[in-house]
Each structure stands twice: as C-alpha cells, then as structure tokens.
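1. Task: produce atomic coordinates for the following.
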Amino acid sequence: MFLGLIAGAADDRSARGIAAAVSRLVTAGDLPVGSRLPTVRDVARELGVSPTTVSEAWQSLARAGAIQTRGRSGSFVSAPVLPRQRLRYAQLHGLLTGVARDFSTGVPDYDLLPNLTESLKRIGDARLTTSYLEGPVLPPLEAVLRRRWPYPVEHLTVVDGALDALDRVTATVVRFGDHVLVENPAFPPVLDLLDAVGATVVGVRIDEHGLLPDALGEALRTYEPVAVYLQPRAHNPTGAGLTARRVGELADVLAAYPQVTIVEDDHAGDIATAPPVSLGTRLPDRTVHVAGFSKSYGPDLRLAALGGPAAVITAVADRRLLGPGWSSRLLQAVLLDLLTSPAAIARVAAARDEYARRRTALLTALAARGATAVSCDGINLWLTVEDQQMAMLALAAHGIAVAPGAPFEVTPLGAEHVRVTVGLIRDDFDSVAEILASAAGASARGSGSRSRPHPRGWR
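-> Sure, this is the predicted structure:
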C-alpha cells in the first residue's frame, strides 16, 4: 500500500524529490508514525530509479529525524526530534558557568538599555485589548514601524522576538529537502531552525560587506534554492554589514531567480552603527525583513517586527491565530513609547556609541598583540585561534568564557575561531586583549595582523 502511495507522490524522482514526497506524506498523516517503509530496492524498482538514489533520500530523511533505520528490520516513520544536545545553539555556552567575565552570551549590556519604568508609568492601566479578533499590531506602533522601515513594505506584523519571526517565516516558505542559502559563518539558531524542517543548508562566503556576489551567484546556479537568509548589518558573529553598493550587486544576482525568498534578520536594530539597509529597496516583492528590538531595548520585551509580501506575512499572522494570537499589546505599547521617547532615543544612541568605543578599543589592543579579529559592528567579535578547544580552556583558566566558533560554521572556514561578546567588556581592554591573544596563539607582539576581514571573504 505504502509503495503505491510513495510512487504516486514522487513527481520528482531525484533523491531530493523522493525525500520531499515522503516528508509530505508523513506531514499529512498518510504515512503514520511507526509505519514500516518499503525497502530501498522495492521503491527503486517502482520508481524506475537506482537504489542509490532512494538510499540517498532515506539518508536525508533519517538525518532530519523523519524516519529511523533499524538495520535488517527496515526503516520506520518516526516523529522528527532534534535532541537538545545536538542543537548548535546549545553548544554556544562557554566551558564555565557563573564566571565573572562571561563573554559567551551574545546579549547586550543591561546597564546600557533604556529604563522601562517611565514607559510603564506613561502606559498605566491602558485597556489595549477588547477583542480576540483585533489586529495583531497596535495601529500607532504600526505607523511608527512603517516610518522606520528601510523600504515601503506591503504588510507588517509583530511577533515574539527575531527568532520567533524566523521560525514562523521558515515554516511558511521552506519545505523538507529544499535548499536554503545562508552566510558562512551564520547564526547557529538559524541553522538549527533549518535543520529542524529538513532543509539542505548551503553556506555562502562573506566579507566585511556581507554575502559575496560571485559566491551567491554560483550557489544560486548550483542548488536552485527556495530562500536565502542573511543579516543585513551587525552580522553575528563578525559584525559585517551590507553597503548600498553591495545591496545593488546582490539584487542584480538575485533578479534572475524570482523563486528565491530573501529573509533578512536585522537583529541588532538601533545599536548598530550602520544605518538600516535592505534588499527590499530593490526586490520588495520577495524580501521578508525582520526588525529586532531585543538588543537595543531589552531582551525580555520579546518583540520583533516582521514585514514583507502580504502572502508571507498574512500566512504567519493567520497561523498565529491558532496559537498565541498576538504579541502582548501591553509590551507593544511599551515599545511604542520607547521608540518615540526622546529620553529613550538618547539612551539607545549613547549605547550605540559606547559599543562602538568598546569594539574599537579591543580590536586595537588585539592588533597590537598580533591577533586576528573582526568586529565591524554590533556587540560581537570574531577571534581567529589556532585551536578552538585549547583557546577556550586557556581562557577558562583565567575565568573568561567565550563561545566556540564551530557552531557558526556551515562548512569549515579554513581557520578556527571563538566569538567574544565585546559589548560586555567595559574596561581593562589591554589586560583582556593580552589574555585573548595568548589563548588564540597569536604571534609576537605587533606582528601587524588584520583587525578587519579579508576582502575576498572568510574561507
């Protein structure tokens, strides 16, 4: 029975197409959890393809957790599960917990965030919800967000943080077996999200201005992806950011691939030194832009705005009606106040300047000690090390925790790294740089190493 079902669903008889067809049948419940799949040879014979092709499809399904192979007993449908210990995100914490100098977190300095007390006082006991069927965004907040958006956007909603936005967009535009292009290095939770839906992730090289146009073009031609994910500014972990020129170059490359959705994660928001930038200025009909507020206004606000084509944003908003419905309108009112309060605006501007000072101070101190580091914008620094594990152990001996670089890599970069949350280093830059450079295995003091990315990208 299942053999005919699979044959009828597999219009594309490549390994990717077969895997996608089986995944659709599992999702629809036509292949229930626990069902024994036909043998590789039987499926190959029915579809008229080689057993190797079916075996590759089965391997893809097994990696995504959709099926489980039990040796001679055969392969069975299983509920997709990604154990926490396998998540890249779970590997970011340093070797120590509770240390005085934990630079592994990637979170902003809480002392630089705006004070919410006055905003809460001004909101008072506002009655912001009178019906479960009201729009998901407070109208005054939507008006402010549209004025701030880097391009005229067709539709806009508010969700519970940037990662919630990316999760919901991924569920809307990516299917099992789809190829998706990302930056290499990339933000680990994004890689986890794509792994969870069974996407095939392809890393594209970057430099200090973001994705390299030639590398993007090659990946588009080779893999025919459904989406490309990128961080338009303050890239985590390198701080790279798109320029207007690079936006134009990337848009020219993407223009020939109208099926590709562009997903932008502008997570740093107003603490980024670079101005807002988006491929939506050139390709608005297929650019989904996420504007995060956690880094600049407070992680516990749990708010991000999501804007783009109505087909995508409406699908996200409609699906949320079956779950949370909307993001807290009380918190939306707080965000509205913060975005329009002169005191809060000045506070965020001061934080932006302070983060820039900290980046410059540590980069300068590291360069003087012969270390190779990158921190173009935002709150993170990407430090090249001779051996990631040894570097983290050496830093742990000094009571310093950093994040390993490996979870950020889609494919090996040709050198090992650690990520340092430079935004949390307030002073004593020379002392910290001495420890970091020593742990990195830097050469003799003053060797003239780079403090910015190589223009041809990270390998």
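
2. can you map out the helices along the stretch 251-400 of the chain?
-> 294-297, 310-320, 329-340, 342-368, 388-397 (DSSP state H, counting those that start in this stretch).

3. Which residues does the second one contact?
-> Read it as helix 310-320. With contacts defined as Cβ atoms under 8 Å, 6 or more residues apart in numbering, helix 310-320 is touched by 136, 154-157, 159, 165, 168-169, 171-173, 261, 288, 306-307, 326. For every residue, glycine as well, the C-beta is placed using N, CA and C.

4. out of the residues you listed, which are buried?
-> Buried members of the contacts of helix 310-320, counted by 16 or more other Cβ atoms under 10 Å: 136, 155-157, 159, 165, 168-169, 172-173, 261, 288, 306-307, 326.

5. Mind checking which of those are in strands?
-> Secondary structure from DSSP state E places His155, Leu156, Thr157, Val159, Thr261, Val288, Leu306, Gly307 of those in strands.

6. Once you drop chain neighbours, what's closest to the fourth one?
-> So the one you mean is Val159. Ala165 (4.8 Å; Cβ to Cβ, 6 or more residues apart in numbering).

7. if we can go back for a sec, nearest to Tyr355, of the buried ones among the contacts of helix 310-320?
-> Nearest to Tyr355 out of these is Ala165 (Cβ to Cβ; 23.0 Å).

8. Just the pLDDT for that closest one.
-> Note for Ala165: predicted pLDDT of 96.

9. any idea how far Gly423 is from it?
-> 22 Å (Cβ to Cβ, to the nearest Å).

10. What of Asp265?
-> 18 Å.

11. can you check Gly65 too?
-> 35 Å.

12. and these two? which has more neighbours close in?
-> Comparing Gly65 with Gly423 by neighbour count (other Cβ atoms under 10 Å), the higher total belongs to Gly423, at 26 against 17.

13. wait, that one sits on Arg358?
-> Yes - the criterion here is Cβ atoms under 8 Å, and Gly423 meets it with Arg358 at 6.2 Å.

14. Ramachandran angles for Gly210?
-> Gly210 adopts backbone torsions of phi 100, psi -150, taken as degrees, to the nearest 10.

15. Identify the residues contacting it.
-> Glu183, Leu230, Gln231, Pro232, His235, Ala240, Gly241, Leu242, Arg246, Leu250.

16. which residues touch Leu5?
-> Counted by Cβ under 8 Å, 6+ apart, Leu5 has contacts Leu25, Asp30, Leu31.

17. same thing but at 7 Å, please
-> Leu25, Asp30 (Cβ atoms under 7 Å, 6 or more residues apart in numbering).

18. Tell me which helix or strand it sits in.
-> Using DSSP states H and E, Leu5 sits in helix 2-9.

19. in that helix, what counts as buried?
-> Under 16+ other Cβ under 10 Å, the buried positions of helix 2-9 are Phe2, Ile6, Ala7, Ala9.

20. distance of the second one from Ala21?
-> So that's Ile6. Using Cβ to Cβ, Ile6 is found at 7 Å from Ala21.
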